[in-house]
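K.L.:
next one to model:
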Amino acid sequence: MEGEMNGHSSINNSQQDIISQLRKDILTLQGIKPAEGSAGAFGLGPAELAFPNGVCPAGAIHEFLIAAPEHEASSAGFLSGLLNVLMQSGSSCLWISTSRTLFPPALQAFGVEPDRIIFVDLQRERDVLWVMEEALKCEGLTAVVAELRDINFAQSRRLQLVVEKSKVTGFILRADPNKVSSTACVARWRITPLPSELEEGMPGVGFPRWNVELLKVRNGNPGSWKMEWAEGRFKPVKELNEGAVIVQLNRNAG
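P.N.:
Numbers count the residues shown, from 1 in each chain. Sure thing, here's the model as predicted:
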């Protein structure tokens, strides 16, 4: 009986190994690969585990929903951190929009040199999608960012098919919350700002902080995390324990 149980356990383990390898092979065939740098990942900590095989994929299309104008800077900041990882090899990125609000020198706060971003400012939004698709075919680029108000499933599928061949990573910033159509994007994010925290006795502002929501992820598990950009990388924001909250309240009262 014991031998039969051990044999059954061995078979189960073998089957699990086969299933795990098949999942990895399927992701590879779909053109989904890890980002270069940070041990083969974006360095998103617990958020990385929400993706298949625990890796947030490069060579895929990610979309960011921007529900309010004040969230544009948060999304751009978080995205700049992702570009920092993708552009470690000194490659370039294309940023396409019709009404760009990004302040290029601000990219340096996330370790990205502005002169490595090629900005394409267009007059018509329908041209943004066309330029993005053509740019994603260029294997000399590491990433392409496009600011769009809307994109449908068929259009997003075309983009995903392109990056599966070129391995270029695409990011879509969608600033119209009233038009959240279904897409073929690998992941759908929503980034909102959180108050920064100053070190005791230090003037100025603290590190950028966000509430990072992974609203949809192909073959993964959506979730929400609090993060900050500090010391050139993403870090999880540690929640204040009860004692620290009491101390802070006493200080405020004083």
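
K.L.:
enumerate every residue touching residue 106.
P.N.:
For residue 106, the contact set (C-beta atoms under 8 Å, 6 or more residues apart in numbering) comprises 77, 80. (C-beta placed from N, C-alpha, C; glycine too.)

K.L.:
give the helix, strand or coil label for it.
P.N.:
Look at residue 106: counting by DSSP: H, G, I helix; E, B strand; the rest coil, its state is helix.

K.L.:
pLDDT score assigned to it?
P.N.:
pLDDT, residue 106: 91.

K.L.:
distance of it from residue 49?
P.N.:
30 Å (C-beta to C-beta, to the nearest Å).

K.L.:
what comes up buried for stretch 121-136?
P.N.:
Within stretch 121-136, the residues scored as buried using 16 or more other C-beta atoms under 10 Å are 122, 128-129, 132-133, 135-136.

K.L.:
which stretches of the stretch 51-200 of the chain form helices?
P.N.:
72-86, 125-136, 153-166 (DSSP state H, counting those that start in this stretch).

K.L.:
looking at these, which is nearest to residue 196?
P.N.:
helix 72-86 (11.4 Å; C-beta to C-beta).

K.L.:
what's that closest one in contact with?
P.N.:
35-38, 42-43, 58, 64, 66, 93, 101-102, 106-107, 109-112, 142-143, 145, 169, 171, 173, 175, 189, 191-193, 208, 210, 212, 227, 229, 232-234.

K.L.:
pretty sure residue 94 sits against residue 140.
P.N.:
No. Between residue 94 and residue 140 there is no contact under C-beta atoms under 8 Å: 10.2 Å.

K.L.:
compare those two and say which is more crowded by neighbours.
P.N.:
residue 94 (22 against 8; other C-beta atoms under 10 Å).

K.L.:
measure that one to residue 127 for me?
P.N.:
Shown here: residue 94 relative to residue 127, a distance of 14 Å by C-beta to C-beta.

K.L.:
just to revisit the earlier point, what's the most buried one of the helices of the stretch 51-200 of the chain?
P.N.:
With neighbours defined as mean count of other C-beta atoms under 10 Å, the helices of the stretch 51-200 of the chain peak in mean count at helix 72-86, which reaches a mean of 21.

K.L.:
I'd like the average pLDDT over that helix.
P.N.:
Averaging pLDDT along helix 72-86 gives 94.

K.L.:
in the stretch 101-250 of the chain, where is pLDDT below threshold?
P.N.:
177-179, 199-204, 239-250 (pLDDT under 70).

K.L.:
now with 90, please.
P.N.:
Low-confidence segments of the stretch 101-250 of the chain (pLDDT under 90): 101-103, 125-126, 149-150, 175-182, 195-207, 218-219, 231, 238-250.

K.L.:
hey, where'd the strands end up in it?
P.N.:
Secondary structure of the stretch 101-250 of the chain (DSSP state E, counting those that start in this stretch): strands at 117-121, 141-148, 169-174, 187-194, 209-217, 223-230, 233-236.

K.L.:
brilliant, that's me finished.
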